[in-house]
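1. Mind looking at a prediction? Sequence and model below.
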Amino acid sequence: MKSWKLVAVSTVGALALTACAASDRDSDGGSTDGASGGGRDTFIFAASSDPAGLDPAFANDGESFRVARQIFEGLVGTEPGTADPAPLLAESWEVSDDGLEYTFQLKEGVKFQDGTDFDGDAVCFNFDRWNNFTGVLQSESLSYYWQKVNGGFATSDVEALNGTGKYESCEAPDASTAVVHLKSPLPELISALSLPSFSMQSPTALEEYDADNVTGEGDAPVLPEYANAHPTGTGPYEFDSWSPGEEVVLVANEDYWGEQGQIKRIVFPIISDATARRQALQAGDIDGYDLVGPADVEALKSDGFQIVNREPFNILYLAMNQAKPELADLRVRQAIAYAINKEALVAQTLPEGTEVATNFVPPSVSGWNADVETYDYDPDKAKALLAEAGQSNLTLDFNYPTNVSRPYMPTPEQVFTAIKADLEAVGITVNAVPDPWNPEYLDKIQGTPDHGLHLLGWTGDYNDTYNFIGVFFGGPSNEWGFDNPAIFQAINDARYVADIDEQKAAYEAANAELLEFLPGIPLAHPVPSLAFKDDVKGYPASPVQDEVYNVITLGD
């Protein structure tokens, strides 16, 4: 049996609280004004949009997850500051040698915020709930992560999802144990369980508020009362109110099993415009915000604000749609790769600390391969390959998004401009095709073959290679426009190799094969930045945004 145990039981919150003195937690003053002085207990963090909903099983967006991580906890968390899995509501687990049985030893004495016991039966209730979603609940807009990780449901009208999942059953031998049985190995399960989508929720509240009574269609679901007003987990904060378009408010769970910390109230004001978020921080109206534009970093530092960087766990890439005949020629794709000066691109357009990419996964992910073909900057070689391919006068559409800043792509127009100059320097004529990010750009890139070169990227959900290259290259797609069964098979076979060392080698081989085939060019792993007032201490920056606010202190 493979076993994961900690000598001292830990959580993200408990580990990070080592920097939080008792005097901070017990300080008087008691102000709930986020813009006031020391001793305050309200933390105001600007959100870029409303959450899609408050039931994390139906969420797949960052703002929903940001709120969910305060209210809910899963069996598995992450080691602070990393994407690596760590015990949370499960103190330890063992995996059978055949990879089909996961035995979780649960933290005892934990209750959900409605007083329901957290125990083995509650764990099994949640697993069975996800697996038995039916109808509209099976749409990707709702159960995206269960569908992608597990691979199917108990029953489905969609043949590819009907009984095809890895999950078989769950049993609770006693209150402190849950045993999950799989039909076939799923090595990424432990890492995936760190996602908020797989948080433990109160069976009592789920049933009382009819949590699965979702109406509408998959592209426009109408969520029930539970997902709008009664989310119930085991986390350090519980739901208080949500005024759509205005703010979400959480308050301390006074019966929390772990350290509560100084912050007793969290307010997420909804500020969609990046400039408005910066101005709100400068005016003292908020304590912090995410997705700081690279151009704002130095100015905020000069004004005395803190900049906190997350470790990059993402990839920015230039994709080459092989549905376009000229891009189906490997020599053309290689020429484009040799034409791009990635070092200069990073220095000129991306945040300080950004790493040049060589793989479609970050270096911290097992399966990253140091020995892939890197296509170092060589414009003369690019010109020679274009001539060999008979494409000395090549013209290409270059799609890029506008009106957006993503963690992996904070300034897409600047990145486009730099790459355009590199391509034109080797004789490629670039036809610029800008589109607004939402909804035109993604709909065009992922839903149609009507694009050429294009910029896109990905921030990893959890520490597993498939969560990167499987998302991109697990099968044919409109985005990439090619059909290479050998590569698809290599990636999907590697996903289910139970032995860790063998799986690592399989993913390394798949990454090498990808860079030889060259469907696109990995460009960079940009550093995402957050900004805070100078009296915010101990923000738990996480590459996968596993950031719970009970570890923060405010004031001197």
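-> Cool, got the structure.

2. which intervals of the chain have sub-threshold pLDDT?
-> Across the chain, the ranges flagged by pLDDT under 70 are 1-39, 556.

3. then stretch 120-134 to PDB, C-alphas only?
-> What follows is stretch 120-134, C-alpha atoms only, in PDB (Å, rounded to 0.1, in the frame of the first residue of the first chain):
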ATOM      1  CA  GLY A 120     -17.300   8.900   6.400                       C
ATOM      2  CA  ASP A 121     -21.000   9.000   5.400                       C
ATOM      3  CA  ALA A 122     -20.700  12.600   4.500                       C
ATOM      4  CA  VAL A 123     -17.700  11.900   2.200                       C
ATOM      5  CA  CYS A 124     -19.600   9.100   0.500                       C
ATOM      6  CA  PHE A 125     -22.700  11.300   0.100                       C
ATOM      7  CA  ASN A 126     -20.600  13.900  -1.800                       C
ATOM      8  CA  PHE A 127     -18.900  11.400  -4.100                       C
ATOM      9  CA  ASP A 128     -22.200   9.700  -4.900                       C
ATOM     10  CA  ARG A 129     -23.800  13.100  -5.500                       C
ATOM     11  CA  TRP A 130     -21.200  14.000  -8.200                       C
ATOM     12  CA  ASN A 131     -21.400  10.600  -9.900                       C
ATOM     13  CA  ASN A 132     -25.200  10.600 -10.000                       C
ATOM     14  CA  PHE A 133     -25.700  14.000 -11.600                       C
ATOM     15  CA  THR A 134     -28.300  13.700 -14.400                       C
END
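
4. Quote the end-to-end distance of stretch 83-94.
-> For stretch 83-94, the first-to-last residue distance is 20 Å (CA to CA, to the nearest Å).

5. can you pull the contacts of the closest residue to residue 295 other than its chain neighbours?
-> Excluding the flanking residues, the one nearest residue 295 by CB to CB, 6 or more residues apart in numbering is residue 411, at 7.6 Å. C-beta coordinates here come from the backbone N, C-alpha and C atoms, glycine included. Going by CB atoms under 8 Å, 6 or more residues apart in numbering, residue 411 touches 293, 294, 295, 349, 350, 405.

6. With residue 256 instead?
-> 234, 235, 236, 550.

7. Can you tell me the element the second one falls in?
-> Secondary structure here is read from DSSP states H and E; on that basis residue 235 sits in neither a helix nor a strand.

8. residues of stretch 453-471 that come out buried?
-> Neighbour-count burial for stretch 453-471 flags 453-470 (criterion: 16 or more other CB atoms under 10 Å).

9. Please list all residues in contact with the residue at minimal distance from the centre of the chain.
-> By CA atoms, centre = their mean, the chain has its centre lying nearest to residue 461, at 3.5 Å. With contacts defined as CB under 8 Å, 6+ apart, residue 461 is in contact with 145, 192, 195, 467, 544.

10. follow-up on the earlier one: mind putting the contacts of residue 256 into CSV with neighbour count and distance to residue 529?
-> Listed next are the contacts of residue 256 as CSV, based on neighbours: other CB atoms under 10 Å; distance: CB to CB, whole Å:
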residue, neighbour count, distance to residue 529
234, 28, 31
235, 26, 26
236, 28, 25
550, 29, 23
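
11. start to end distance for stretch 166-183?
-> End-to-end for stretch 166-183, by CA to CA: 5 Å.

12. nope, stretch 454-463 is what I was after
-> 26 Å.

13. can you give me how far that stretch is from the chain middle?
-> Offset of stretch 454-463 from its chain centre (CA atoms, centre = their mean, to the nearest Å): 8 Å.

14. ok so, going back, of the contacts of residue 411, closest to residue 378?
-> Nearest to residue 378 among these is residue 349, at 20.7 Å by CB to CB.

15. Narrow the buried residues of stretch 453-471 to those in strands?
-> 453, 454, 455, 456, 457, 458, 459 (DSSP state E).

16. Now the fifth one: closest residue in space, sequence neighbours ignored.
-> Computed as CB to CB, 6+ apart, the closest residue to residue 457 that is not its neighbour in sequence is residue 408, at 3.4 Å.

17. Quick check, the one you found in contact with residue 455.
-> No - judged on CB atoms under 8 Å, residue 408 makes no contact with residue 455 at a distance of 9.6 Å.

18. Would you mind listing the residues touching both of the two?
-> Residues touching both residue 408 and residue 455 by CB under 8 Å, 6+ apart: residue 316.

19. And the strands in the stretch 201-350 of the chain?
-> Listed in chain order, the strands of the stretch 201-350 of the chain (DSSP state E, counting those that start in this stretch) span 215-217, 220-222, 237-243, 247-252, 265-269, 288-289, 306-309, 314-320.

20. Would you mind finding the most buried of the ones you listed?
-> Most buried of these by mean neighbour count (mean count of other CB atoms under 10 Å) is strand 314-320; its value is a mean of 24.

21. Pull up the pairing partners for it, direction included.
-> Applying DSSP bridges, strand 314-320 is found paired with strand 453-459 (antiparallel), strand 520-525 (antiparallel).

22. related to what we said a few turns ago, and of the strands of the stretch 201-350 of the chain, who's closest to residue 95?
-> Nearest to residue 95, of all these, is strand 314-320, at 28.5 Å by CB to CB.
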